[in-house]
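Fold the following.
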Amino acid sequence: MVPIRSPKVGFVSLGCPKALVDSERILAQLRAEGYATAADYAGADLVIVNTCGFIDAAVEESLGAIGEALKENGKVIVTGCLGAKEGVVQSAHPSVLAVTGPQDTDGVMQAVHRHLKRPHDPVTGLVPPQGVKLTPRHYAYLKISEGCNHRCSFCIIPSMRGDLVSRPIGQVMNEAESLAGAGVKELLVISQDTSAYGVEVKYRTGFWRGRPLKTRMKELCEALGTLGVWVRLHYVYPYPNVDEVVPLMAEGRILPYLDIPFQHASPRILKLMKRPAAAEKVLARIRAWRAMCPELTIRSTFIAGFPGETEVEFEELLAFLGEAQLDRVGCFAYSPVAGAKANELPGPVPAQVREDRRRRFMERQAAISAQKLKAKVGRTLQVLVDAPGLGRSMADAPEIDGTVRFRGGKEGELRLVKIERSDEHDLYGSLA
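You can find the predicted model right below:
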């Protein structure tokens, strides 16, 4: 008997970790229904492209990826944030088979069913308990909510992903437990606003392992801290409730790491951005957090050249950087995003000035980073090995932070490394 060939789907995943989780969910459903994945365009019966549409460069990259898939394969379904921008994909590529928005697994699968014969009824046994993951086996992203209740003037995420919708805490914890049981060593908690987890359901009580658990950041962190894996918090707003989780970091229950997008320091610019923070309060909070947990690593992102930003206000930002002494920092030159309210603000900063300010900002931060990493020379750090000779300490998230380099080790191991030297971004040492 000739074996029946499973239809094959190619997949291109673009954008942030939240989009990556959407891709993982679609791939898990494809696998549950018996579809196979193709390694290249030629071997695929159709291709799904999960897009990003946050900034102009991401839109261009997404449209380029769709065009490439159409050229190489011809049958393309588009999903993701760019799909939520009405008419953009269809205008550029009218021959796509279907377009859906973000977090729309059902819509994607309906489009797949229309254009590719369904192999058989869903069989959940085809999918491993931890689902289908696009990350290496030793770390995984854990998405705890969708959408956002903030209306930052430079951001269009709420128009694409909607208001905050927190996942039930029991569901989140069951997924985390499955991932840990499958050998994942690090869980990276992601959302649009991790601090707001559960706020829209009034911190409703859920259940995990038969016991009540509130849908709230502190309780989530406490529960995750029992799984015996690294737990890293991303996209945290500097609200007072962060004060409740820093002691958990000091106790070693979750990683002493906070990813907080401060975006700026000037009160006027923060107000124009519609950001819920003030620089002086942020500095006081940082000092309090470090007093509670001296090993705390703080990563942040900023925007240089926001509309109306004066040189004096940019200097305020540089002064804040010097006072805050942040560990890991990224900075973007302001980029107008179609549909963002910030585009209507007066006083746009010329592109060359925006880029120059970004460069000056990163030069200032490079000196801070080099000094902070130099202080780690001579210490022995626990490192999660990403590949032989390459790993990350507790202070380093994958892809966005620095690395620790050494000889040896196997992917997924936790090893001790004696730090021997450093530069602006990375550490170098030997296995202890």
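
List the buried residues in stretch 47-60.
Across stretch 47-60, burial judged by 16 or more other CB atoms under 10 Å covers V47, I48, V49, N50, T51, C52, G53, F54, I55, A58, V59. C-betas here are computed from N, CA, C, even on glycine.

Out of those, name the two that are farthest from one another.
V47 and I55 (23.9 Å; CB to CB).

what packs against the lengthiest helix in the chain?
The single longest helix within the chain, with elements called by DSSP state H, is helix 351-374. If you count contacts as 3 or more CB pairs under 8 Å, 6 or more residues apart in numbering; DSSP states H and E, helix 351-374 packs onto strand 297-304, helix 311-324, strand 328-333, strand 414-422.

So the residue nearest to P256 when sequence neighbours are not counted versus L227, what's the distance?
Nearest non-adjacent residue to P256, counting by CB to CB, 6 or more residues apart in numbering: M249, 4.0 Å away. Per CB to CB, to the nearest Å, M249 is found 16 Å from L227.

cool, and A111?
For A111 relative to L227 (CB to CB), the value is 36 Å.

So those two - more neighbours on which side?
For A111 versus L227, neighbours defined as other CB atoms under 10 Å are more numerous around A111 (21 against 16).

Show the model's pLDDT score for the more buried one.
Here, the pLDDT recorded for A111 equals 89.

isn't it right up against K75?
No - A111 is beyond contact range of K75, at 10.6 Å (criterion: CB atoms under 8 Å).

Could you give the average pLDDT over the longest helix of the chain?
94.

Over to stretch 33-52?
The model assigns stretch 33-52 a mean pLDDT of 90.

going forward can the numbers begin at 305, since that is how I track them
Fine by me, first position is 305 from now on; the one you just mentioned is stretch 337-356.

what distance separates that stretch from the middle of the whole chain?
23 Å (CA atoms, centre = their mean, to the nearest Å).

Pull out the buried residues from it.
Buried-residue list, stretch 337-356, by 16+ other CB under 10 Å: 337-339, 341-342, 345, 348-356.

about what we covered before: and V488, which of the helices and strands packed on helix 655-678 is closest to it?
So among the helices and strands packed on helix 655-678, strand 718-726 is nearest, using CB to CB, at 12.3 Å.

Next, the angle from the closest one to helix 655-678.
Computed by axes from the mean of the first three to the mean of the last three CA atoms, to 10 degrees, the angle separating strand 718-726 from helix 655-678 equals 110 degrees.

picking up where we left off before, hmm, who's touching the helix or strand just after the longest helix of the chain?
Next helix or strand after helix 655-678 toward the C-terminus (DSSP states H and E): strand 684-691. Contacts with strand 684-691, where a contact means CB atoms under 8 Å, 6 or more residues apart in numbering, come from 440, 442-443, 489-490, 534, 695-698, 702, 707-708, 710, 713-723, 731, 733, 736.
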